[in-house]
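> Dropping a prediction and its sequence here:
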Amino acid sequence: MLEKTEVTLDELRHLISDRAIEGETVLLNMGPQHPSTHGVLRLLLELDGEIVVNCIPDIGFLHTGIEKNMEAKTYLKAAVMTDRLDYLNTVGNNLVYCLAIEKLVELDVPPRAQVIRVILTELQRIASHLVWLGTHALDLAAMSVFLYCFREREIILDILEMCGGQRMMATYIRPGGLWRDAPAEFEDAVRKFLDIFPARIDEYEDLLTKNPLFIERTRNIGVLSGEQAVRWGVTGPSLRASGVALDLRKAEPYIGYEQYDFDVPTHTDGDTYARYLMRMEEMRQSLRIVQQALDHLPAGPVRSNNRKYVPPPRSELGTSMEAVIHHFKLWTEGFPVPEGGVYVAVESPRGELGVYLEGNGGPKPHRVYWRTPSFVNLQILPLLAKGHLVADLVALIGTIDIVLGDVDR
Amino acid sequence: MNEHLQFVAASLAGRFEIQLSEFRDQVSLLVQAQQILPICQALRDEFEFNMLSAQTAVDYWPQEQPRFHILYQLYSLAKNVRIGLRVPLDGNIPTLPSIEGIYPNANWHEREIWDMFGVRFEGHSDLRRILMPYDWEGHPLRKDYPLGYEEVQFSFNYDEIDRRKPYMKE
């Protein structure tokens, strides 16, 4: 007789209270197939009536072994996998990976490429916040906000498609610059978005900010103090909503963020409502950055001229033997990266997105480690959930803003 | 190198066995496994490194001594500087003390390192697998673990493949 081994309660004994063993409280599974978990997150809940006594997250259902796979590919081929980590922040994932390579091989990036990178990452931040806002409001039974948010997100995805040829996973940012220049209609499309979007944010705020039902469901739910947030390594809007003004765009400026004038909004309440206000304000700040970047968009090349790492333009392949050799070497063998490791972090919509990249002198990475904000931030869920109702747990999962592709990698 | 980091390195060098290295403007300290707890404690309480931003491991197989490096990335909010720690570990039953008591978010990072590299953390409160299934055999991110492919299970070969799974026992 064949038999499957199972997890026994003994293995989880240290995570639940004695009352569960005596049968006074109930153990209940939530997920992995549950709409409000924003993906495949399983929670084992210990409930006293409707009150959450303990909450044990179980992750890994979306684990795809990206870190292991990247070790078996050349640097350029591995870049394609970065899109698949946090699928709501694809441009940001490409960016941090390319920044790490550029740091390791000391590659220069032309100014036009840097400015387009800023525009696209900020638009992506808005798109990500829109998905968050829509689904978070939907969890709390505000149906129409979701439809409005996805309407505007579509405009941003159209702009991304215009540049990279794909709505979401284009790997548009490459080591040393961009895959190709943004098309002529790019500027107009972004300007058009900048014109309509501020009024649309007001529209969302009209629906939620003073809505008594929404406030009732979010105020004083899942309060996180600033001191606690820092201790648990929480970053991004969740940290700033607890009164700690850490934004890597200001603290460790990359791709020229020091040239732009923008604020880092903070809030002191640290509850779900404060985190909502934070992200709404962040969208407005992102618009400011995009506006400034667009006004000072320089002309010029979008790829580094260093042929050892960046492929030559298509037009040269017909006339230059050297270009053909470089092209052949880059697409067959790849480029070598010196020994040594760097840790590079950027501010993703969810917090600090870091990558540790270690080269071994060959064309494939020795180790790629992704420090993903969702993974670290999800750890505070049990802390936030204790003592709240099961219904509030849905609001709490939404407010941390996790993407399961980012958690499980 | 940043002034604060210079000060930190100088004061730690007097008390512990550390080796300072700098690569692409990033500072890291090579420390010994048995000293990781007091060093982390000192960095957090005396030098304001109040956030553990990342923790991971690197496998240098077939090299055995040391086979692994455990990496810590600490961040100081007040000084806005980062410092890296590297702990070398031998390949034979690698263990080191858990820093969960100092930085609580090391909990999941250490579970992930156990899951992926098979490095044990002493004094960890909940050292279970985190990403791989609970009955998985082996530690996937080790360099001697093959990338491998899994045959797709269809109805005609379902039982046959199921019999080879680790959760089956005769």
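Cool, the structure landed.
> Just the endpoints, please. Distance across stretch A:101-117?
Counting by CA to CA, to the nearest Å, you get 16 Å between the two ends of stretch A:101-117.
> For the chain, which residues score under the pLDDT cut-off?
You didn't say which chain, so I picked chain A. A:1-7, A:35 (pLDDT under 70).
> wait, I meant chain B there
For chain B (pLDDT under 70), the answer is B:168-170.
> And the helices in it?
Secondary structure of chain B (DSSP state H): helices at B:3-15, B:36-45, B:106-117, B:158-163.
> and chain A, which of those is closest to it?
helix B:106-117 (5.3 Å; CB to the nearest CB). Backbone N, C-alpha and C define where each C-beta goes, glycine included.
> what's in contact with the closest one?
Around helix B:106-117, the neighbours that count as contacts under CB atoms under 8 Å, 6 or more residues apart in numbering or on different chains are A:67, A:375-376, A:379, B:52, B:54-57, B:59, B:68, B:70, B:94, B:98-100, B:119-121, B:124-132, B:139-142.
> Pull out the buried members of those residues.
Using 16 or more other CB atoms under 10 Å in any protein chain shown as the burial test, the contacts of helix B:106-117 include A:67, A:375-376, A:379, B:52, B:54-57, B:59, B:68, B:70, B:94, B:98-100, B:119, B:121, B:124, B:127, B:129-132, B:139-142 as buried.
> what about the single nearest residue of the stretch 201-350 of chain A relative to chain B, neighbour count?
Closest to chain B within the stretch 201-350 of chain A is A:Gly233: 3.9 Å, counting by CB to the nearest CB. Counted by other CB atoms under 10 Å in any protein chain shown, the residues lying close to A:Gly233 total 28.
> now the helices of chain B as JSON lines including mean neighbour count?
JSON lines is the format used below for the helices of chain B (neighbours: other CB atoms under 10 Å in any protein chain shown):
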{"stretch": "helix B:3-15", "mean neighbour count": "14"}
{"stretch": "helix B:36-45", "mean neighbour count": "18"}
{"stretch": "helix B:106-117", "mean neighbour count": "23"}
{"stretch": "helix B:158-163", "mean neighbour count": "11"}
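> so what's the closest residue to chain B within the stretch 51-200 of chain A closest to, chain neighbours aside?
Closest to chain B within the stretch 51-200 of chain A is A:Gly60: 4.0 Å, counting by CB to the nearest CB. Computed as CB to CB, 6 or more residues apart in numbering or on different chains, the closest residue to A:Gly60 that is not its neighbour in sequence is B:Leu131, at 4.0 Å.
> and what of A:Cys163?
In space, A:Cys163 is closest to A:Ala182, 5.1 Å off (CB to CB, 6+ apart).
> name the element the one you found belongs to?
For A:Ala182, there is no host helix or strand (DSSP states H and E).
> what residues are up against B:Val119?
Per CB under 8 Å, 6+ apart, neighbours of B:Val119: B:Ala57, B:Phe68, B:Ile70, B:Leu89, B:Pro94, B:Thr95, B:Leu96, B:Ile113.
> Look up how far chain A lies from it.
Shown here: B:Val119 relative to chain A, a distance of 14 Å by CB to the nearest CB, to the nearest Å.
> Not counting its neighbours along the chain, what's nearest that residue?
Nearest residue to B:Val119 in three dimensions, chain neighbours excluded: B:Pro94, at 4.5 Å (CB to CB, 6+ apart).
> That neighbour contacts B:Gln65, doesn't it?
No. Using CB atoms under 8 Å, B:Pro94 is not in contact with B:Gln65, being 11.2 Å away.
> that older thread, what is the nearest of the contacts of B:Val119 to A:Cys55?
Proximity of these to A:Cys55 was ranked by CB to CB; the top entry is B:Ile113 with 23.4 Å.
> At which residues are the strands of the stretch 101-250 of chain A located?
Secondary structure of the stretch 101-250 of chain A, counting by DSSP state E, counting those that start in this stretch: strands at A:173-174, A:177-178.
> What of chain B?
B:19-23, B:26-30, B:51-59, B:68-76, B:81-89, B:95-97, B:120-122, B:168-169 (DSSP state E).
> so can I have CSV of the ones you listed showing distance to A:Gly405?
Output for these, formatted as CSV (distance: least, CB to CB, whole Å):
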stretch, distance to A:Gly405
strand B:19-23, 31
strand B:26-30, 28
strand B:51-59, 18
strand B:68-76, 22
strand B:81-89, 26
strand B:95-97, 30
strand B:120-122, 27
strand B:168-169, 30
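> neighbours around B:Ser28, how many?
Burial measure for B:Ser28: 21 neighbouring residues, criterion other CB under 10 Å.
> Show the contacting residues for it.
Taking CB under 8 Å, 6+ apart, we find B:Ser28 in contact with B:Leu20, B:Ser21, B:Glu22, B:Ile83, B:Gly84, B:Leu85, B:Arg86.
> For the fourth one, name its beta-bridge partners.
In other words, B:Ile83. Counting by DSSP bridges, B:Ile83 forms beta bridges with B:Leu74.
> ok, it touching B:Leu29?
Yes. With contacts counted by CB under 8 Å, B:Ile83 reaches B:Leu29, the gap being 6.9 Å.
> quick revisit: for the residue nearest to A:Cys163, give me its contacts.
A:Ala182 touches A:Ile116, A:Met162, A:Cys163, A:Val302, counting by CB under 8 Å, 6+ apart.
> Buried only: go through those for me.
So, by 16+ other CB under 10 Å, the buried ones in the contacts of A:Ala182 are A:Ile116, A:Cys163, A:Val302.
> Enumerate every residue touching the last one.
Right, the one you point to is A:Val302. A:Val302 makes contact with A:Pro110, A:Arg112, A:Ala113, A:Ile116, A:Gly177, A:Leu178, A:Arg180, A:Asp181, A:Ala182, according to CB under 8 Å, 6+ apart.
> May I see the PyMOL selection of the buried members of those residues?
Of the contacts of A:Val302, the buried ones go into a single PyMOL selection, burial set by 16+ other CB under 10 Å:
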select buried, chain A and resi 110+112+113+116+177+178+181+182
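> Please identify which of the contacts of A:Val302 is nearest to A:Arg167.
Using CB to CB, these come closest to A:Arg167 at A:Ala182, 15.7 Å.
> how near is the closest one to A:His34?
Distance, A:Ala182 to A:His34, using CB to CB, to the nearest Å: 40 Å.
> what's residue 125 in contact with, if anything?
As the question left the chain open, I've gone with chain A. Residues near A:Arg125 by CB under 8 Å, 6+ apart: A:Asn89, A:Gly92, A:Glu282, A:Met283, A:Ser286, A:Ser348, A:Pro349.
> wait, chain B
Listed by CB under 8 Å, 6+ apart, the contact partners of B:Ser125 are A:His14, B:Glu100, B:Asn107.
> is it true that the second one touches B:Gly123?
Okay, so that is B:Glu100. Yes. At 7.3 Å, B:Glu100 counts as touching B:Gly123 under the criterion of CB under 8 Å.
> can you dump the C-alpha coordinates of stretch A:345-355 into PDB?
Taking Å, rounded to 0.1, in the frame of the first residue of the first chain, the C-alpha atoms of stretch A:345-355 are listed here in PDB:
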ATOM      1  CA  ALA A 345      19.100  48.200  -4.100                       C
ATOM      2  CA  VAL A 346      16.400  50.400  -5.600                       C
ATOM      3  CA  GLU A 347      13.100  51.700  -4.400                       C
ATOM      4  CA  SER A 348      10.400  49.500  -5.900                       C
ATOM      5  CA  PRO A 349       6.700  50.300  -5.400                       C
ATOM      6  CA  ARG A 350       6.800  47.800  -2.500                       C
ATOM      7  CA  GLY A 351      10.100  48.800  -0.800                       C
ATOM      8  CA  GLU A 352      13.700  48.000  -1.100                       C
ATOM      9  CA  LEU A 353      14.300  45.700  -4.000                       C
ATOM     10  CA  GLY A 354      17.900  44.500  -3.800                       C
ATOM     11  CA  VAL A 355      20.000  42.200  -5.900                       C
END
